[in-house]
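A.B. asks: Next come a sequence and a model predicted from it.
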Amino acid sequence: MADNDPGNDPVDRALRLFVYGPVGLACYLRDSAPTFMDVFVSRGRREIDGARRTVEEKLGFAKPEPEPGPSPQQRMADSFGKVASQTGTMLAAMAGPLMNAAASAAATAATNGDAPANGSAAASTAPSAPGDAPRPEGIPSVGNPNTALAGAAAAAGSELPIPGYDGLSASQVIERLEGLSRGALERIRVYELAHRARRTILASIDQLAG
């Protein structure tokens, strides 16, 4: 069967290679030449027209071609973007006053709620003045005890029952304490505490007044 195959015939192979093939290629080129020519001509014409128009625009002989308008899809996307921007602006304008009102209400509530507590805390933590001492309710304040003691000592010094008290020694004062009333002893105690605070005199006054 191999001998009957036309492909094995040298004459047939020579005919296909040198006759049928070239004739078929020539017919194909003949049929396709107008189509290829039209494609080449159209492409060359576009290139030459584009280059010529560019030169004319640069020289001022022709006006630039207007840019193509946006596509329908682009116009739709722009519309959605504008609507979203306007919606965001409206929401921000509405939310601003509400947030300010809420902040003002919170600040007012915090101020009203903290004022009594802060006032109480300030009153409870305020440092007391030097010399101040707690006193029971119902007893009026007499001010600084040292000031009151100095005033009482000055009043007692002007009415001391022992003449020339400041010039007497402790032993001389003790000698003159006997026979004095309790009020007189108290005036001497106040005066002595405010000035020299001699222990011997104060102890003698405690013994006599007790």
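C.D. replies: Received, thanks.
A.B. asks: ok, now how distant is residue 17 from residue 31?
C.D. replies: Distance, residue 17 to residue 31, by Cβ to Cβ, to the nearest Å: 22 Å. Backbone N, C-alpha and C define where each C-beta goes, glycine included.
A.B. asks: lowest average confidence, helix or strand, in the chain?
C.D. replies: helix 145-158 (a mean of 54; mean pLDDT, DSSP states H and E).
A.B. asks: Quick check, pLDDT for the residue sitting nearest the centre point of the chain.
C.D. replies: The centroid of the chain falls nearest to residue 103 when counting by Cα atoms, centre = their mean (14.6 Å). Looking at residue 103, its pLDDT reads 81.
A.B. asks: cool, and residue 135?
C.D. replies: 46.
A.B. asks: Likewise for residue 47?
C.D. replies: On the pLDDT scale, residue 47 gets 89.
A.B. asks: on that earlier part again, so how far is the helix or strand harbouring the residue nearest to the centre of the chain from its chain's centroid?
C.D. replies: Assessed by DSSP states H and E, residue 103 sits inside helix 72-125. Remark: helix 72-125 is offset 15 Å from the chain centroid, using Cα atoms, centre = their mean, to the nearest Å.
A.B. asks: Low-confidence regions, the chain specifically.
C.D. replies: The chain contains residues with pLDDT under 70 at 1-7, 62-69, 112-158.
A.B. asks: can you list the domains in it?
C.D. replies: Taking automatic domain parsing as the reference, the chain has its domains at 6-59, 145-209.
A.B. asks: Just name the most buried of the ones you listed.
C.D. replies: Ranked by mean neighbour count, the domains of the chain are led by domain 145-209 with a mean of 14 (mean count of other Cβ atoms under 10 Å).
A.B. asks: Contact partners for the residue nearest to the centre of the chain?
C.D. replies: Contacts for residue 103 (Cβ atoms under 8 Å, 6 or more residues apart in numbering) come out as none.
A.B. asks: so how far is residue 110 from it?
C.D. replies: For residue 103, the distance to residue 110 (Cβ to Cβ) stands at 11 Å.
A.B. asks: quick revisit: between the domains of the chain, which one is nearest to residue 72?
C.D. replies: domain 6-59 (26.5 Å; Cβ to Cβ).
A.B. asks: Would you pull up how far that closest one lies from the middle of the chain?
C.D. replies: Remark: domain 6-59 is offset 76 Å from the chain centroid, using Cα atoms, centre = their mean.
A.B. asks: Thank you, goodbye.
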